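Undergrad: Kindly return the folded structure for what I paste below:
(2 chains)
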Amino acid sequence: MTRVLIPAGALGLGYDRNALERGLANRPDIIAIDGGSTDSGPSYLGRGVSKYSRASTKVEWRELMQARAKAGVPLVIGTAGTCGADQTVDWLLQITREIAAEEGMKVRVATIRSGQPKERVKAALADGRLRALPAAPEISETVIEDCSNIVALAGVEQVAAALATGADIVIAGRTTDTAIIAALPIARGDHAGAAWHGAKIGECGALATTNPNSGVIQIDFDDAGFTVEPMAPNAAATPYTVSAHMLYENSDPFILHEPGGHLDVTGSEYEALDKRRVRVEGSKWVKGRYTVKLEGARVVGHQSVGLAVMRDRRYVQNAREWAADVVAKVRAKIEARMGLSPDDFDVEIRLIGMDATLGTLENRRDVPVEVGVLGILTCPTQEQAAEAAKIMNPYLLHHPLTEDEPMPTFAFPFSPAEMQRGALYEFCLNHVMELDDPMAAFTLEVHEVGHA
Amino acid sequence: MPELGRIVSKVRSKNAGPFWLTIDVFCGDSATFERVSASLKDEAVARLYGVDRQLLKRFEIPSLNVVKFSVPRPVVQGKRTDRDMHGAGWGCLLEELEID
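TA: Numbering: from 1, shown residues only, chains lettered A, B, ... in the order given. Got it, this is the predicted structure:
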């Protein structure tokens, strides 16, 4: 039997302190927490930075390091620093060193680096060891070369190797959400299907319970199944909340692909042990070729944005025509004055209050009270984007619907009116890479931290 | 004909990775599940999101009274033309679809 304590769905999100204490009192074998996902977009991976504040991360990581010391068990984080790039592994390692020094702790820290040298990925492409997943973009050597960061998603093998070093703390770069939870149960011989399934249920903390914000959840794995129990007294796991979690962020609620195979929960049975605990059995692990998923991000331009708000009823009613006219005039002026060719830049206006969320898919045509006019300028360089935004500025402030009417003025919330967004990144890989040895694409290092 | 959102307990859309969107319709009870399951057509859902019907995945989960759809994201997450980084707004289209 292996007991895994999961404090929250992600480090930096917060959790119920009393529930964590209760979890520690139950003597877990390991504490595991996720550090990120792709869900906030490509910029974090592209830049190799964390989405969450360093201050919040340090406060929560300190508490988890203290909890670990108290329990005397390993603490594992996967996808450190939102994106799991090598830079964010270093970032969390540095925070760990600071905390260890401040707390007088001596800890052995194992790091797993998931960053991929471009040459390795290009070689895999050339050798036919890269396979496109459904809806993958086209790739080429150039696309790979353009990536500022490429990571591979580690599975249980890499996390288990890190644990086998005797590490007190494992800071993993990009891993699958489930690998950090499933690694120890699988290494100890618990049921593989149960390990992956329970890990999926636990990867978002208490999201699979009636009280998601409480965060802390405990999962017991054994040779036949797993048992889920939230640690907050006002949270309950029910067969419904547990089985429904397989829907969450999964394109297929029954099959989950992982390095080295896939989980099949078609035959899983969910049983309420009491009002708060659920037992699950019948989950299957199906072995396959050893592949790891790749994620990559590259810069595709730089952006400046401007925001104005129109409240005048006639302008609100005619906002679409007005915006189309502004875009055409600004485009022409950028070409004429900045010498950019039409394919080099983009001018877009999104009308907040009308169709800013859905664009052309929007099918409602209600007339709102006011409309936010979000002007987005995309150019090859930031300097050009800033110039383009300045060219748009007078139109956002004063552009009239017709030539023979008094000049309107719209509401600008800020001075300066433009905001520099920096580089625009895009995800450009949705592929798996075949590996003969799971460790071949990952680097394991051991650091003695806090020792003089 | 009522909007789907008026008869079910919840419609939720979310990214399933950067390249896929998944939409869960929580029907609440088995009668509503049967009704939604019978009247919600794949063609209508694919048309709503502007995707090829062949690429639409549909799952019927009676134990949860859930009908689930997954489609390639109408725009890849984070691309210049993406308007909804987490894919949470697209569910509204299905929520407002009128059904029998």
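
Undergrad: Would you map the helices across chain B?
TA: B:4-7, B:30-39, B:42-48, B:91-95 (DSSP state H).

Undergrad: Which stretch among these is buried most, on average?
TA: Per residue and on average, the most neighbours among the helices of chain B fall to helix B:91-95, with a mean of 20 (mean count of other Cβ atoms under 10 Å in any protein chain shown). Glycine gets a C-beta too; all of them are placed from N, C-alpha and C.

Undergrad: interface residues of the stretch 351-452 of chain A facing chain B?
TA: By Cβ under 8 Å from any Cβ of the partner chain, the part of the stretch 351-452 of chain A that sits against chain B consists of A:356-361, A:363-364, A:378, A:424-427, A:430.

Undergrad: Okay, and the beta partners of the residue lying closest to residue B:12 once chain neighbours are set aside?
TA: For residue B:12, ignoring the flanking residues on the chain, the nearest one in space by Cβ to Cβ, 6 or more residues apart in numbering or on different chains is residue B:24 at 4.8 Å. Legend: beta-bridge partners of residue B:24 under DSSP bridges are residue B:12, residue B:68.

Undergrad: returning to that earlier point: identify whichever of the helices of chain B lies nearest to chain A.
TA: For chain A, the closest of those is helix B:91-95, at 6.3 Å, according to Cβ to the nearest Cβ.

Undergrad: So which residues make contact with that closest one?
TA: The contact list for helix B:91-95 (Cβ atoms under 8 Å, 6 or more residues apart in numbering or on different chains) reads A:357-358, A:361, A:363, B:3-5, B:11-13, B:23, B:25, B:45, B:48-49, B:69.

Undergrad: Among the helices of chain B, which comes closest to residue A:272?
TA: helix B:30-39 (18.9 Å; Cβ to Cβ).

Undergrad: how far does the closest one sit from the chain's center?
TA: Remark: helix B:30-39 is offset 14 Å from the chain centroid, using Cα atoms, centre = their mean, to the nearest Å.

Undergrad: Run through who's touching that helix.
TA: Contact with helix B:30-39 is made by B:4, B:7-8, B:25, B:27, B:60, B:62, B:65-67, B:99-100, as judged by Cβ under 8 Å, 6+ apart.

Undergrad: The residues you listed: which ones sit near chain A?
TA: Applying Cβ under 8 Å from any Cβ to those, those adjacent to chain A are residue B:66.

Undergrad: Would you mind giving the contacts of helix B:30-39 as JSON lines with distance to residue A:244 added?
TA: As requested, the contacts of helix B:30-39 are exported to JSON lines (distance: Cβ to Cβ, whole Å):
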{"residue": "B:4", "distance to residue A:244": "19"}
{"residue": "B:7", "distance to residue A:244": "19"}
{"residue": "B:8", "distance to residue A:244": "14"}
{"residue": "B:25", "distance to residue A:244": "12"}
{"residue": "B:27", "distance to residue A:244": "12"}
{"residue": "B:60", "distance to residue A:244": "14"}
{"residue": "B:62", "distance to residue A:244": "13"}
{"residue": "B:65", "distance to residue A:244": "10"}
{"residue": "B:66", "distance to residue A:244": "7"}
{"residue": "B:67", "distance to residue A:244": "13"}
{"residue": "B:99", "distance to residue A:244": "22"}
{"residue": "B:100", "distance to residue A:244": "26"}
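
Undergrad: List buried residues within the contacts of helix B:30-39.
TA: Using 16 or more other Cβ atoms under 10 Å in any protein chain shown as the burial test, the contacts of helix B:30-39 include B:4, B:8, B:25, B:27, B:65-67, B:99 as buried.

Undergrad: Closest to residue A:315 out of these?
TA: Once Cβ to Cβ is applied, the member of the buried ones among the contacts of helix B:30-39 that ends up nearest residue A:315 is residue B:4, at 34.0 Å.

Undergrad: my read: the closest one touches residue B:26, true?
TA: No - Residue B:4 lies out of contact with residue B:26 (Cβ atoms under 8 Å); the separation is 11.1 Å.

Undergrad: any residues in contact with both of the two?
TA: Residues within reach of residue B:4 and of residue B:26 at once, by Cβ under 8 Å, 6+ apart, are residue B:11.

Undergrad: returning to what we had before: what is the nearest of the buried ones among the contacts of helix B:30-39 to chain A?
TA: Closest to chain A out of these is residue B:66 (6.5 Å), distances taken as Cβ to the nearest Cβ.

Undergrad: can you tell me how far the residue nearest to the spatial centre of chain B sits from chain A?
TA: Closest to where the C-alpha atoms of chain B average out (Cα atoms, centre = their mean) is residue B:23, at 3.6 Å. Relative to chain A, residue B:23 is positioned 10 Å away (Cβ to the nearest Cβ, to the nearest Å).

Undergrad: Next up, the contacts around that residue.
TA: Contacts for residue B:23 (Cβ under 8 Å, 6+ apart) come out as B:11-13, B:45, B:68-71, B:90-91, B:94.

Undergrad: The residue nearest to residue B:12: how many residues sit nearby?
TA: Neighbourhood size, residue B:24 [other Cβ atoms under 10 Å in any protein chain shown]: 24.

Undergrad: follow-up on the earlier one: make JSON lines from the buried ones among the contacts of helix B:30-39 and add pLDDT to it.
TA: Converted to JSON lines, these look like this (pLDDT from 0 to 100):
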{"residue": "B:4", "pLDDT": "98"}
{"residue": "B:8", "pLDDT": "98"}
{"residue": "B:25", "pLDDT": "98"}
{"residue": "B:27", "pLDDT": "98"}
{"residue": "B:65", "pLDDT": "97"}
{"residue": "B:66", "pLDDT": "97"}
{"residue": "B:67", "pLDDT": "98"}
{"residue": "B:99", "pLDDT": "93"}
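
Undergrad: Let me see the contact set for residue 65.
TA: All of this is about chain A. Per Cβ under 8 Å, 6+ apart, neighbours of residue A:65: A:75, A:96, A:99-100, A:103, A:105, A:107, A:169.

Undergrad: The chain in question should be chain B.
TA: Counting by Cβ under 8 Å, 6+ apart, residue B:65 has contacts B:26-30, B:32-33.

Undergrad: ok, now with 6 Å
TA: B:27, B:30, B:33 (Cβ atoms under 6 Å, 6 or more residues apart in numbering or on different chains).

Undergrad: Isn't the first one up against residue B:8?
TA: Yes - with contact defined as Cβ atoms under 6 Å, residue B:27 reaches residue B:8; the gap is 4.9 Å.

Undergrad: per-residue pLDDT, residue A:239?
TA: Listed pLDDT for residue A:239 reads 97.

Undergrad: Could you check how many residues crowd around it?
TA: Close neighbours of residue A:239, defined as other Cβ under 10 Å, add up to 16.

Undergrad: who are the neighbours in contact with it?
TA: A:270, A:272, A:278.

Undergrad: Now residue A:406: which helix or strand?
TA: Here residue A:406, judged by DSSP states H and E, is contained in no helix and no strand.

Undergrad: now do residue A:395
TA: helix A:382-398.

Undergrad: next structured bit after that helix?
TA: Next along from helix A:382-398, by DSSP H and E: strand A:418-427.

Undergrad: And residue A:339, how close does it get to chain B?
TA: 22 Å.

Undergrad: phi, psi of that residue?
TA: phi 70, psi 20 (degrees, to the nearest 10).

Undergrad: the longest strand in chain A is where?
TA: Using DSSP state E, we find that the single longest strand of chain A is strand A:291-310.
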